[in-house]
Structures are given as C-alpha cells and as structure tokens.
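Asker: build me a model from this:
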Amino acid sequence: MKNLLLPAGPFQIHRRFLILLLFFFATAVQPSCESEKGVESQQSSEEVPSPQRLIGRWLRPDGGYVLEIRSVHSNGAVEAAYFNPRPINVAEAKVEENQGRLKLVVILRDTGYPGSYYDLTYDSSHDQMIGDYYQATMGAVFDVQFVRMTE
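Answerer: Presented below is the predicted three-dimensional model:
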C-alpha cells in the first residue's frame, strides 16, 4: 500500500502538470457533436457511470477536507466547493470519461492554494474517488482518497 503522506519526485510533478494541461486542452477542442465520436466510444460509455453520480459531499479521511460536487453540466463543467474547514476558492472543476472511468480535476486558487489541484478517478465499485493532490506551495504530490459522506 502506498504511503499517503510521502510526496512524489520532481519528475513526477512535472509529468502530472503536463498531463493536467493536456486534459484541459483536449477537452477544449473535443467535437461538440456526439455523432462524430466512434462506435467504440459509444459502446464504452454505456459502462461508465453517469457524471451525475459524483454529486454530493466527499470527505478526505486523512485530513477532514470536504469536496462538495453541486452539479455536473453536459459539457463536463462541474460546480464544486472545497472546505479545509473554511471555504477554499475552486477556480475550475471538470469531469470527463477516461478509459471507461470518470475523471475529475479540481483546481484551487486561494491564499495558500496558488494552483493546487486534485486529479481524481471515480471508483464506482467502492463509491470513492482516488487520485493525486498537487500541493502547489510545497511543490509536492500526494496520493489521496475521498469517500462519500452520508447526511
């Protein structure tokens, strides 16, 4: 099991940042018409959970941080809030399908959070989101997990 508190190396940080940039570039230039996508894409999307499944409050157990997904739009834009425990500004959040799974990226911009971001994948079998947190002020990447909060 990975240690959730150890940062990744500098090469991995740069690689993850480039992947994040490519993610946002790719989503900006995607065709707007569903019929332009291939048959393979349509078949795999039947197995992917609806992005609406992400709506709710999610807890990061290692620190008590809360990610609230308020809505998901058809273009992949997500309305989200983040609390640590006070509100932290969410600059941008977006969801997309990636290899049959939902991928969520949440970018934070606030005091102490100058471009920190979450790169998460939804695990439908366990109803959790797992992935990486890039902590910009430290220049470090951490393995993280969010579990759904019950009201």
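
Asker: looking at the protein, which helix or strand does the model trust least?
Answerer: One helix or strand of the chain scores below all others by mean pLDDT, DSSP states H and E: helix 39-45, with a mean of 40.

Asker: residues in contact with whatever helix or strand comes next after it?
Answerer: Next along the chain after helix 39-45, taking DSSP states H and E as the criterion, comes strand 56-60. Residues from elsewhere that reach strand 56-60 (CB atoms under 8 Å, 6 or more residues apart in numbering): 65-69, 129, 144-149, 151. Glycine gets a C-beta too; all of them are placed from N, C-alpha and C.

Asker: let me know the closest of the residues you listed to Q135.
Answerer: Among the contacts of strand 56-60, V144 lies closest to Q135 (CB to CB), at 10.3 Å.

Asker: ok, the closest one to P61 distance?
Answerer: 9 Å (CB to CB, to the nearest Å).

Asker: check H126 too.
Answerer: Counting by CB to CB, the gap from H126 to P61 is 13 Å.

Asker: and what of R101?
Answerer: 21 Å.

Asker: out of the two, which sits in the busier spot?
Answerer: R101 (15 against 12; other CB atoms under 10 Å).

Asker: I'd say the more buried one and S125 touch.
Answerer: No. Using CB atoms under 8 Å, R101 makes no contact with S125, being 10.6 Å away.

Asker: now the helices for the protein?
Answerer: 10-28, 39-45 (DSSP state H).

Asker: would you single out the least confident of those helices?
Answerer: The minimum mean pLDDT among those belongs to helix 39-45 (a mean of 40).

Asker: beta-bridge partners for L120, please?
Answerer: Beta-bridge pairing of L120 under DSSP bridges involves L104, G131.

Asker: count of residues packed around it?
Answerer: 24.

Asker: from T111, how far off is it?
Answerer: 23 Å.

Asker: swap in L102?
Answerer: Distance from L102 to T111, by CB to CB: 30 Å.

Asker: the two - which one has more neighbours?
Answerer: Using other CB under 10 Å as the criterion, L102 and T111 rank with L102 on top: 21 against 7.

Asker: surely that one is in contact with Q52?
Answerer: No. Using CB under 8 Å, L102 is not in contact with Q52; the gap is 10.2 Å.
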